[in-house]
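Q: let's see this in three dimensions:
(2 chains)
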Number of protein chains: 2
Amino acid sequence: MAFKESDVLKALSTVDDPDLKKDLVTLNMIKDIEIFSDTVKFTVVLTTPACPLKELIKNNCIDAIHKHLDKSLSVEIHMTSNVTTTRNDGPILPGVKNIIAISSGKGGVGKSTVTANLAVALKNKGAKVGIIDADIYGPSIPTMFNCEGEQPEVKQVNGKNLIVPLEQYGIKLISIGFLAPADNAVVWRGPMASSALRQFIADTEWGELDYLLIDLPPGTSDIHLTLVQTVPVTGAVVVTTPQKVALADARKGLAMFKQPQINVPVLGIIENMAYFTPAELPDNKYYIFGQDGGLNLAEKHNVPLLGQIPLVQSIRESGDSGLPVVMKDDATAESFNQLAEAMARQVAIRNANMEKTKKVEMNA
Amino acid sequence: MAFKESDVLKALSTVDDPDLKKDLVTLNMIKDIEIFSDTVKFTVVLTTPACPLKELIKNNCIDAIHKHLDKSLSVEIHMTSNVTTTRNDGPILPGVKNIIAISSGKGGVGKSTVTANLAVALKNKGAKVGIIDADIYGPSIPTMFNCEGEQPEVKQVNGKNLIVPLEQYGIKLISIGFLAPADNAVVWRGPMASSALRQFIADTEWGELDYLLIDLPPGTSDIHLTLVQTVPVTGAVVVTTPQKVALADARKGLAMFKQPQINVPVLGIIENMAYFTPAELPDNKYYIFGQDGGLNLAEKHNVPLLGQIPLVQSIRESGDSGLPVVMKDDATAESFNQLAEAMARQVAIRNANMEKTKKVEMNA
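A: Prediction:
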């Protein structure tokens, strides 16, 4: 068989990335083509290691080679990934590809739990992930990662003091909880809190990351304004529970990111505590907080629903014990794995189709 | 029978108020004594209409009259109340006897639900009650009282503009939700939010109230500082759910009120979402968020536990539909009635035993 690399590329140019709506060759996703007598080898570089379409794309590639070249060929595909970014300038966080704001209008909807499990799920799929716990008044990340009471080191780089993030379960972490004693209230006016967040962003040695998740405090206040004024945010995720008073606050969160002068793309909505299933009645779903509130909100605002996470005692227990539930091998872990895939997918779609976010210049 | 008023007072001076640890005569709680041939009538003025010891005190009075005067006497007691106060000066809120901060370190623990139901329970027992919804970034009170979209009137008094609170179910209400459209985010820096709260306190026509409940936002931030700097707060209640990350934030809330320069008495802790009981398994209690977390926190910090409220779908549904669950006649309503009694009792004890709170002077 006498194929050339161009024949392989031509065949693969019939395969589209279903999300990005362009073919793999145009998207520059095909690398390292090798042709042997009865085998074709190449690499497909996905836009995220958490790509939920990995198997579909792989099978479509094999089908295309068989259809357009020779159906007896053995096709060996190495699936890898290179997370995309729209961030390529600016002195702040130069090695961070995507900055994702995890927000909720209302507190107590499980935002930190979702952040912790998303981070570990993304890391398990091969991504480099960090978390800034920006919930200055109620930092939960130290508990959820079982590193309460630990203190990050500070080192000097070019005469400047840099905070070194802690690392737990492969995730880089920084939190106000590492800087203040657990039983003390941080009774700070807004400017103090904003100053702490700026340090976590600009004076911390984050290195290279695919995803930096920002666990925001509830509401739409100083910290949120400071974030978007300090660094361009790739996209925002809004976590809500299904009840009306939570949805009302989630709408406010959506409205904030969509304000013309803020203009951060909303990647999607996560509905948490969607229903409760007692172990003794596995077929019963108790919609304690209401049914499909997050789904309806997503549909109304034309925003993707990234997932519906059930209210499960083990999720809360895992958070309290400092071992995110996604590290276990059960149905609940699977719901967070799917959530991570859905979010990574929306990041890739956003990076392919939208302009980079601008830092907000605002007198507020 | 020839008794004098002084004989009746002497008999009643053997009856103690169990909470205030003094006798009813010393406490000035006996009024309007009338003596007839075979009957003694008098009024007992309790320190709150929500007094849980009402029946006990009444029976002890009857026993004392029978024991010290004549056991054949008919005793007619009119039980009434005059809510106590330590507030008797200052131009701000002169007609408000007690200002109660309802706080939580963490959001989403049901603080607004608790506030709404406490208010209605106190009112049902005869108290005059108002609510300031100070959760500037996520006001839930308009939804919970079914008055979304309504707007308070403004009237001129002595050349000054005063906001007139709305009134629903007999409760006076003010909320940022009445001033901003529901779908809009109030993206305010702290000073704007603080200014709104000062208006709700100082430029609103509250009139005479026994209890003004302040539904605070989560955390320990600008709004909290502004509150204690604007008006002396009688006492604070901390609402928490039982899980570790909520308790950690509740501890911060406790620490804030106990800071020497703030020094607001903590009336007690409310444990919300204590357990879930499905209708099909009425004997099962699912401790989804953990067991007795609020109880343990109260014991550790030597603060009263005011109540443990179960996680019940009807509580959430009632909140979403704008009719507080305590207005229904069921077991859940009873748990809020007991909670209201427990809180009113702690207010009375606090007023009897502690100095009035001072307004905080602080450069923060």
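Q: after the helix or strand hosting A:Gly294, which helix or strand is next?
A: Assessed by DSSP states H and E, A:Gly294 sits inside helix A:293-301. Once helix A:293-301 ends, the next helix or strand along the chain (criterion: DSSP H and E) is strand A:305-308.
Q: what lines up beside that next one in the sheet?
A: Here strand A:305-308 has these sheet partners by DSSP bridges: strand A:266-271 (parallel).
Q: the partner strand versus helix A:293-301: what angle between them?
A: Strand A:266-271 runs at 150 degrees relative to helix A:293-301, counting by axes from the mean of the first three to the mean of the last three C-alpha atoms, to 10 degrees.
Q: test my guess that A:Leu24 contacts A:Ala11.
A: No: using C-beta atoms under 8 Å, A:Leu24 makes no contact with A:Ala11, being 10.3 Å away. (C-beta placed from N, C-alpha, C; glycine too.)
Q: quick one: which of these two has more around it?
A: A:Leu24 (24 against 20; other C-beta atoms under 10 Å in any protein chain shown).
Q: which ones are touching the more buried one?
A: Residues near A:Leu24 by C-beta atoms under 8 Å, 6 or more residues apart in numbering or on different chains: A:12-13, A:15-17, A:30, A:44, A:57, A:61.
Q: please repeat the previous calculation with a cut-off of 10 Å.
A: For A:Leu24, the contacting residues are A:9, A:12-17, A:30, A:42, A:44-46, A:57, A:60-61, A:64, by C-beta atoms under 10 Å, 6 or more residues apart in numbering or on different chains.
Q: between those residues, which is closest to A:Phe36?
A: Nearest to A:Phe36 among these is A:Phe42, at 11.7 Å by C-beta to C-beta.
Q: what residues go with each domain of chain A?
A: Each domain of chain A is listed here as a residue range: A:5-81, A:99-353, per automatic domain parsing.
Q: compare the mean pLDDT across those domains and name the weakest.
A: Between the domains of chain A, the lowest average pLDDT goes to domain A:99-353, which shows a mean of 90.
Q: show the end-to-end separation of that one, please.
A: 17 Å (C-alpha to C-alpha, to the nearest Å).
Q: just how off-centre is the lengthiest helix in chain A within its chain?
A: Counting residues, the longest helix found in chain A (DSSP state H) is helix A:331-353. Relative to its chain's centre, helix A:331-353 lies at 7 Å (C-alpha atoms, centre = their mean, to the nearest Å).
Q: which parts of that helix are buried?
A: For helix A:331-353, the neighbour count (16 or more other C-beta atoms under 10 Å in any protein chain shown) marks A:332-333, A:335-352 as buried.
Q: swap in stretch A:153-172?
A: Within stretch A:153-172, the residues scored as buried using 16+ other C-beta under 10 Å are A:162-163, A:165-166, A:168-169, A:171-172.
Q: using CSV, write down the CA coordinates of that stretch.
A: Only the C-alpha atoms of stretch A:153-172 are listed here, as CSV (Å, rounded to 0.1, in the frame of the first residue of the first chain):
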residue,chain,number,x,y,z
GLU,A,153,5.7,28.7,52.2
VAL,A,154,6.8,32.1,50.9
LYS,A,155,9.8,32.4,48.7
GLN,A,156,11.7,35.2,47.1
VAL,A,157,11.9,35.4,43.3
ASN,A,158,13.7,38.3,41.8
GLY,A,159,13.3,40.2,45.0
LYS,A,160,9.6,39.7,45.2
ASN,A,161,7.8,37.5,47.8
LEU,A,162,5.8,34.7,46.2
ILE,A,163,3.3,32.4,48.0
VAL,A,164,3.9,28.8,47.1
PRO,A,165,0.5,27.0,46.9
LEU,A,166,0.0,23.8,48.9
GLU,A,167,-0.4,20.6,46.9
GLN,A,168,-2.9,18.0,47.9
TYR,A,169,-4.2,15.0,45.8
GLY,A,170,-2.2,16.6,42.9
ILE,A,171,-4.2,19.9,43.1
LYS,A,172,-2.4,23.2,43.9
